[in-house]
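Peer 1: need a 3D model of the sequence below.
(chains A and B)
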There are 2 protein chains.
Amino acid sequence: MSTSEGRPRLRLHEHPTFLLAQLGVHTTERFGSLLAPLNIQPRHVAVLSTLLDRSGISQQQLCESLHIHRNVMVGMVDELERRGLVERRRHPVQRRAHALHVLPAGAELLRKAEEILDAYEAELFESDGSDVRSAVLETLQRIATRAGVRDASQPECGGCGAGEQVPH
Amino acid sequence: MSTSEGRPRLRLHEHPTFLLAQLGVHTTERFGSLLAPLNIQPRHVAVLSTLLDRSGISQQQLCESLHIHRNVMVGMVDELERRGLVERRRHPVQRRAHALHVLPAGAELLRKAEEILDAYEAELFESDGSDVRSAVLETLQRIATRAGVRDASQPECGGCGAGEQVPH
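Peer 2: Numbers count the residues shown, from 1 in each chain, chains lettered A, B, ... in the order given. As a prediction, this is how the structure comes out:
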């Protein structure tokens, strides 16, 4: 492909790398704005979801699972604890670590967030049939597993919505 | 779906919103590290590509097209100009704006970046056939257009690789 001046041209929208980056930023922003009434961000959803699924893991394990830096994570867990959504308990094995648990209010908030997420994703795929949606989901999962961002042995994915946005 | 305690469970990897966010961060990081020998980042590739395609646009138009904040963009254009990759020229119409143009060294750098991108994407889709790759690309393009992050009338997409990463 060439420009009118005969030079080679890289078309960004023909490259999944750029489309994924662009859509990743967009979906995180959009889902984030839809979550505003709950006063949480997509990364809080990722944390609550992971903790509900793997109750009692340490903060270190949570960081590794979600590819979120520990400095960012400590602030998030502090905030979730202050709001009565999660709880740090004495770790049964690691003396210097805490075991993290979701409290009932956190589970309830997560349920509401999931309703918002389901509605948003229905909008995202709009006219696409469930077969198209399944095929895309499968391919994304395969790429994520192969790329090592999602450990195939883990029930939850990593790095979810953890990207910082450029201010607009 | 329920946890062992019978509570509802949101599985992140079953949601395209989280997979897209996760893969967007990952592909930007990975492509960024592959670009290191060229001393540019994915966002520079997006800028050079857009300017080569729409030669003479203003910085403002470039910001709008790529969804990159003007404070970030001014530094990027300064840097690219200092390296002799782009040039600000007098704008033919807007008295207070500059028209941006890619210089031959910028076009050559972009050509090298595209080779790296093509090789990376071949790795990304590995065992997937070209039909799977095309189908995923088409769906991602459709979602991007529908979501308004890619203007269907524009040859280039927006927000490409513009997300800031959480430090690891």
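Peer 1: my guess is A:Leu137 contacts B:Thr17. True?
Peer 2: No. A:Leu137 is beyond contact range of B:Thr17, at 10.8 Å (criterion: CB atoms under 8 Å). The way it works is simple: take the backbone N, C-alpha and C, and place the C-beta from them, glycine included.
Peer 1: list the contacts of A:Ala147.
Peer 2: B:Leu23, B:His26, B:Thr27, B:Arg30, B:Leu124 (CB atoms under 8 Å, 6 or more residues apart in numbering or on different chains).
Peer 1: the more surrounded of A:Leu137 and B:Thr17?
Peer 2: Neighbour comparison, A:Leu137 and B:Thr17: the larger count goes to B:Thr17, with 25 against 17 (by other CB atoms under 10 Å in any protein chain shown).
Peer 1: what pLDDT is listed against the more buried one?
Peer 2: Note for B:Thr17: predicted pLDDT of 91.
Peer 1: which element is it on?
Peer 2: Assigned by DSSP states H and E, B:Thr17 falls within helix B:16-34.
Peer 1: helix or strand right after that helix?
Peer 2: Scanning forward in sequence from helix B:16-34 by DSSP H and E, the next helix or strand is helix B:42-53.
Peer 1: quick one: that following helix near chain A?
Peer 2: Yes. Helix B:42-53 reaches chain A (CB under 8 Å from any CB of the partner chain) through B:Pro42, B:Val45, B:Ala46, B:Ser49, B:Thr50, B:Leu52, B:Asp53.
Peer 1: of those residues, just say which sits nearest to B:Gly75.
Peer 2: B:Ala46 (14.6 Å; CB to CB).
Peer 1: count of neighbours near that closest one?
Peer 2: B:Ala46: 28 neighbours (other CB under 10 Å).
Peer 1: next one, pLDDT for it please.
Peer 2: So, for B:Ala46, pLDDT stands at 94.
Peer 1: my guess is it meets A:Leu12, correct?
Peer 2: Yes. Applying CB under 8 Å, one finds B:Ala46 in contact with A:Leu12, separated by 6.0 Å.
Peer 1: just checking, A:Glu114 is part of a strand?
Peer 2: No. Read with DSSP: H, G, I helix; E, B strand; the rest coil, A:Glu114 is helix and lies in no strand.
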